[in-house]
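Undergrad: 3D, please:
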Amino acid sequence: MKHGIYYAYWEKEWSADYIKYVDKVARLGFDILEIGGTPLPDYTEEDIRRLKSAADASGIELTVGYGPSAEHNVGNKKVRVAAMEWYKKLFSVMEKLDSHIIGGALYSYWPVDYSGMINKEEDWKNAVEGMRCLSAEAANYGVELNLECLNRFENYLLNTAAEGVKFVTETECSNVWVMLDTFHMNIEETSIGDAIRTAGKRLGHFHTGECNRMVPGQGRVPWREISDALREIGYQKNVVMEPFVNMGGKVGQDIKVWRPIKGNVTEEILDRDAAAAVRFQRYMLDGTMEK
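TA: Reported below is the predicted structural model:
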């Protein structure tokens, strides 16, 4: 497996200078840097060249994470055409970055506005339709779509692995996959191991993090159970940790980090914890300690 980390672990905003983190994650022992999709459609050719050159030089693979804004909700027929135009720009930049994996609530939007009534059945139908459109466009750029199953407080369409499998099956698209996250599974699933087994060969991307949003190894997530299940389904794809421990900014607000989870940490402490976490994750999931 390849092991990665989401850039926002160090940031308080959803846009950042990703080049800064390419070399950092390489030095800390990662294979992958997951970057945010929000700013990519506005990248210039020079921006793309610089980021790809940095990633190539450090031997780091770039994957993309995106929680779509309401304006980019392909499940909403009123905004789908405009959303597709935005996604085309995103996929074009991804292709130039040699980045082919994107994950998140791509079937909907995030965070969901729960102030109105929810019609899950109708929204599901529209989301499947929208995902077929998005899948066809993504295929033109060699991009795979990984649909993240989120906890009930952040979305309502896909909360469990079983729902993810049902949805992906209904799309009938070969480049659409289920994406699981240990943080969300800890809330929604009766058994994390069984959820992974349910996803099986449809599991395309895997996020890790503790129930307290800290890095792997600093909480109570059942890592041996996860390791056994991943091994049973033969999973050898990407494992990207997505910890959030900082208050403040749009990241802290959207993730609902209302206290300094690790105390007043420095970048040095964050780096140290990340390096220890990737060693822990490799040991638990791969049975090795080193890259």
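Undergrad: what about residue 236, distance to residue 204?
TA: 12 Å (C-beta to C-beta, to the nearest Å). To be clear about C-beta, it is placed using only N, CA and C from the backbone, and glycine gets the same treatment.
Undergrad: what's the answer for residue 111, then?
TA: The gap separating residue 111 from residue 204 is 23 Å, by C-beta to C-beta.
Undergrad: leaving out sequence neighbours, find the closest residue to residue 269.
TA: Leaving out its chain neighbours, the residue that sits closest to residue 269 by C-beta to C-beta, 6 or more residues apart in numbering is residue 262, at 7.3 Å.
Undergrad: show me the helices in this structure, by range?
TA: For the chain, the helices defined by DSSP state H cover 18-28, 45-58, 80-96, 120-139, 161-171, 182-188, 192-199, 223-232, 249-255, 267-286.
Undergrad: in stretch 144-152, what counts as buried?
TA: Residues 144, 145, 146, 147, 148, 149, 150, 151 are the ones in stretch 144-152 that count as buried (16 or more other C-beta atoms under 10 Å).
Undergrad: was I right to think the fourth one contacts residue 110?
TA: Read that as residue 147. No: using C-beta atoms under 8 Å, residue 147 is not in contact with residue 110, being 11.9 Å away.
Undergrad: in this structure residue 212 contacts residue 261, no?
TA: Yes: Residue 212 is in contact with residue 261 according to C-beta under 8 Å; the separation is 6.5 Å.
Undergrad: in this structure, which residue sits furthest out from the middle?
TA: Largest separation from the mean C-alpha position in the chain: residue 117, at 27.3 Å (C-alpha atoms, centre = their mean).
Undergrad: now it: how far from residue 123?
TA: Counting by C-beta to C-beta, the gap from residue 117 to residue 123 is 11 Å.
Undergrad: and the lowest mean pLDDT element among the helices and strands of this protein?
TA: Lowest on mean pLDDT, DSSP states H and E among the helices and strands of the chain sits helix 249-255, with a mean of 94.
Undergrad: please point out which parts of it sit buried.
TA: Quick answer for helix 249-255 (16+ other C-beta under 10 Å): 251, 252, 255.
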